[in-house]
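Asker: Prediction below, plus the sequence it came from.
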Amino acid sequence: MSRTQACIFRFTAAALVMLSLMAHANEARAQAYGVELHNSLMPASGGMGGASVARPQDVVSSINSNPATLTQIRGTQFSFGGGWVEASHDVSHGGSVPGLQAFAGGSEWPGSGIANIGVSQEFSALGLPVTSGLALIGTAGAGAELRDQPGSNGATLGLSVLHLTGAAGVQLTERLSIGGALTAGLSSIDAPFVGSGAMTTAYSIRGKGGLSYDLSSCTTISAYYESEAHFQYSRAIQLLGIGPFLDISVDLPQNVGMGIANNSLMNGRLLLAFDVLYKNWENADLFGAIYDDQWAGILGAQYDTGRTQFRVGYAYAQNNMRQFVPDSAGGVQPGVNAIQFIQGLAPSISPHRVTAGLGRKNVLPGIDMNFFAGTMLNGDDVFGDTAASISSYYLGGGFSWRFRRGSGDCIAPDEWCIVGN
């Protein structure tokens with residue numbers, strides 16, 4: 001068996017193992033990742049559907065996914081990018097929730113702009129097999145605004161989560177790297193319960209650990225674990241405008257990511273990457289009342305001509321909406337019908353995403369440019385006497401600056417590889 005055939009065999013075998021894990025999960029019915037974005041809006045990974053656990057193609061994707069892959073980032077690199085997301089979200093309700101009447105209409109929540117900024121520094125010039133990174137990342141968000149519907153009583157859901165993440169990767173051997181990250185989170189919520197409330201903020205700490213291993217020069221396998229992020233919003237809602245203002249507990253879930261990447265085809269120009277995500281929503285405050293645990297699979301490809309990169313991606317995620325819901329969520333007890341109404345405000349029901357992207361190296365010396373666009377195809381579902389349908393589009397990009405500082409190798413064009421640069 002030739003070297004290329006062996007690489008292809010290993011990649012295929014590992015991909016089949018990951019697919020079999022997904023096949024044994026619950027019946028798939030819908031949307032991608034609940035409220036978490038992962039790397040779907042990163043400058044390069046965004047064009048590959050977010051695939052980035054094994055071989056991320058931009059700095060921020062490495063920091064936000066698997067910190068062990070930071071050892072793949074050479075020298076000093078800085079990335080500034082972001083994306084725009086806009087959804088078409090329709091909700092109908094039969095009037096079973098106290099304070100609401102029957103209505104049907106579309107959400108007027110506007111589109112959202114999300115920035116992602118990151119920097120990494122390699123320390124091999126000091127004899128240390130370490131690369132560190134720091135990033136400011138838009139991690140999660142959701143929004144629905146139904147105030148134009150007379151029967152909705154101004155029902156609104158607004159959630160945003162911003163994370164500041166510090167990470168480091170260590171090259172233990174020629175093939176094995178490990179990494180860790182610590183995240184401080186800032187979140188704001190306009191609670192989805194029917195009552196009197198206002199935008200409220202909260203903070204959290206989240207940790208992550210990962211590893212990356214080169215099976216060969218052309219195939220890398222990687223995995224990471226991420227802890228939950230717990231937010232406690234103080235005095236966030238007064239149900240039906242009666243009684244005390246109540247605190248709300250909200251968690252982003254524990255996540256496990258696994259990935260494999262291979263570049264043996266087309267003389268190393270074609271990179272194929274496959275990721276699997278497992279999201280433990282059932283143990284998360286508030287979201288555990290409306291979501292089941294979720295599996296997602298992401299397949300991305302990149303063809304590199306030398307200066308130009310063409311990217312495509314596809315992501316599939318289970319519909320993880322709970323069939324039977326409790327009468328409380330996040331420490332608030334509004335009743336079963338009200339929890340089902342919240343399911344309609346934050347539906348995780350759209351199974352398919354497709355993306356495309358374009359990259360260009362050295363648009364100026366040492367500066368790369370990337371763009372991406374994608375769509376989440378329509379999904380619909382019914383929760384008691386509440387029904388919802390949702391689809392979205394998203395686009396964005398960014399610039400990356402590459403410097404040789406910290407590395408013994410030149411990672412910029414020849415004209416930058418001079419003494420004192």
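Answerer: Structure's in. What do you need?
Asker: Bridged to the residue nearest to residue 93 when sequence neighbours are not counted, which residues?
Answerer: Nearest residue to residue 93, sequence neighbours excluded (C-beta to C-beta, 6 or more residues apart in numbering): residue 386, at 4.9 Å. For glycine as for every other residue, the C-beta is placed from the backbone atoms N, C-alpha and C. When assigned by DSSP bridges, residue 386 has beta-bridge partners residue 93, residue 383.
Asker: Look up how far residue 293 lies from residue 386.
Answerer: Applying C-beta to C-beta, to the nearest Å, the value for residue 386 to residue 293 is 22 Å.
Asker: do residue 256 as well
Answerer: 11 Å.
Asker: just residue 320 next, same as before
Answerer: Residue 320 is 7 Å from residue 293, by C-beta to C-beta.
Asker: Neighbour count for those two, which is higher?
Answerer: Neighbour comparison, residue 320 and residue 293: the larger count goes to residue 320, with 26 against 18 (by other C-beta atoms under 10 Å).
Asker: Touching, that one and residue 282? I think so.
Answerer: No. Counting by C-beta atoms under 8 Å, residue 320 stays clear of residue 282, with 9.1 Å between them.
Asker: Can you check which residues contact both of those two?
Answerer: 291-293 (C-beta atoms under 8 Å, 6 or more residues apart in numbering).
Asker: TSV please, covering these and showing secondary structure, pLDDT and distance to residue 94.
Answerer: Shown next, in TSV, are the shared contacts of residue 320 and residue 282 (DSSP: H, G, I helix; E, B strand; the rest coil; pLDDT from 0 to 100; distance: C-beta to C-beta, whole Å):
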residue	secondary structure	pLDDT	distance to residue 94
291	strand	98	22
292	coil	97	24
293	coil	98	29
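Asker: Specify which member of those residues is nearest to residue 260.
Answerer: Using C-beta to C-beta, residue 293 comes nearest to residue 260 of those, at 22.2 Å.
Asker: pretty sure residue 338 is touching residue 191, no?
Answerer: No. In this structure, residue 338 is not within contact of residue 191 by C-beta under 8 Å, at 11.5 Å.
Asker: Residues in a beta bridge with residue 332, which ones?
Answerer: So, taking DSSP bridges as the rule, residue 332 has residue 329 as bridge partners.
Asker: ok, it - contacts?
Answerer: With C-beta under 8 Å, 6+ apart, residue 332 has these contacts: 191, 193, 237, 239, 246, 248.
Asker: residues near the fourth one, how many?
Answerer: As a burial measure, the neighbour count of residue 239 was computed by other C-beta under 10 Å and equals 22.
Asker: Need the per-residue pLDDT for it.
Answerer: The score at residue 239 is 90. That number is its pLDDT.
Asker: Next one: it relative to residue 188, how far apart?
Answerer: 20 Å.
Asker: what does residue 135 give?
Answerer: Per C-beta to C-beta, residue 135 is found 20 Å from residue 188.
Asker: who has more neighbours, those two?
Answerer: Legend: neighbour count by other C-beta under 10 Å for residue 135 and residue 188, higher for residue 135 (23 against 16).
Asker: Which residue is the nearest non-sequential neighbour of that one?
Answerer: residue 118 (3.5 Å).
Asker: can you pull out the strands in the stretch 151-300 of the chain?
Answerer: For the stretch 151-300 of the chain, the strands defined by DSSP state E, counting those that start in this stretch cover 156-171, 176-190, 195-197, 200-214, 219-226, 229-239, 246-252, 254-265, 270-280, 294-304.
Asker: how about the ones you listed, which one is nearest residue 329?
Answerer: Among the strands of the stretch 151-300 of the chain, the nearest to residue 329 by C-beta to C-beta is strand 246-252 (8.5 Å).
Asker: In PDB, could you pull the C-alpha coordinates for that closest one?
Answerer: The C-alpha trace of strand 246-252 is given here as PDB (Å, rounded to 0.1, in the frame of the first residue of the first chain):
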ATOM      1  CA  LEU A 246     -36.900  36.400  40.000                       C
ATOM      2  CA  ASP A 247     -33.300  35.300  39.200                       C
ATOM      3  CA  ILE A 248     -32.700  33.200  36.100                       C
ATOM      4  CA  SER A 249     -30.000  30.500  35.800                       C
ATOM      5  CA  VAL A 250     -28.700  29.800  32.200                       C
ATOM      6  CA  ASP A 251     -25.900  27.400  31.200                       C
ATOM      7  CA  LEU A 252     -24.100  26.900  27.900                       C
END
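Asker: partners of residue 205 in the sheet?
Answerer: In beta-bridge terms (that is, DSSP bridges), residue 205 pairs with residue 184.
Asker: typed the wrong thing, it's residue 353
Answerer: residue 315, residue 376.
Asker: Could you list the low-confidence segments of this protein?
Answerer: Residue ranges of the chain with pLDDT under 70: 1-32, 405-421.
Asker: Can you tell me the element the residue most central in space within it falls in?
Answerer: By C-alpha atoms, centre = their mean, the mean C-alpha position of the chain lies nearest to residue 38, the distance being 1.1 Å. Element membership for residue 38, per DSSP states H and E: none, as it lies in no helix or strand.
Asker: picking up where we left off before, what residues are up against the residue nearest to residue 93?
Answerer: Residue 386 neighbours (C-beta under 8 Å, 6+ apart): 91-94, 340-341, 343-344.
Asker: now do 10 Å
Answerer: 91-94, 96-97, 100, 337-345, 347 (C-beta atoms under 10 Å, 6 or more residues apart in numbering).
Asker: Could you do residue 141 as well?
Answerer: Applying C-beta under 10 Å, 6+ apart to residue 141 gives the contacts 35-37, 85, 112, 114, 158-162, 187-188.
Asker: 8 Å - rerun?
Answerer: Counting by C-beta under 8 Å, 6+ apart, residue 141 has contacts 35, 37, 85, 112, 114, 159-161.
Asker: Closest to residue 46 out of these?
Answerer: residue 37 (9.9 Å).
Asker: doesn't residue 142 make contact with that closest one?
Answerer: No. Applying C-beta under 8 Å, one finds residue 37 not in contact with residue 142, separated by 10.5 Å.
Asker: how long is stretch 257-274 from one end to the other?
Answerer: 11 Å (C-alpha to C-alpha, to the nearest Å).
Asker: Show me which residues of that stretch are buried.
Answerer: Buried residues in stretch 257-274, counted by 16 or more other C-beta atoms under 10 Å: 257-265, 271-274.
Asker: Quick check: the two most widely separated of those residues?
Answerer: Going by C-beta to C-beta, the pair spanning the buried residues of stretch 257-274 furthest: 257 and 265, at 23.9 Å.
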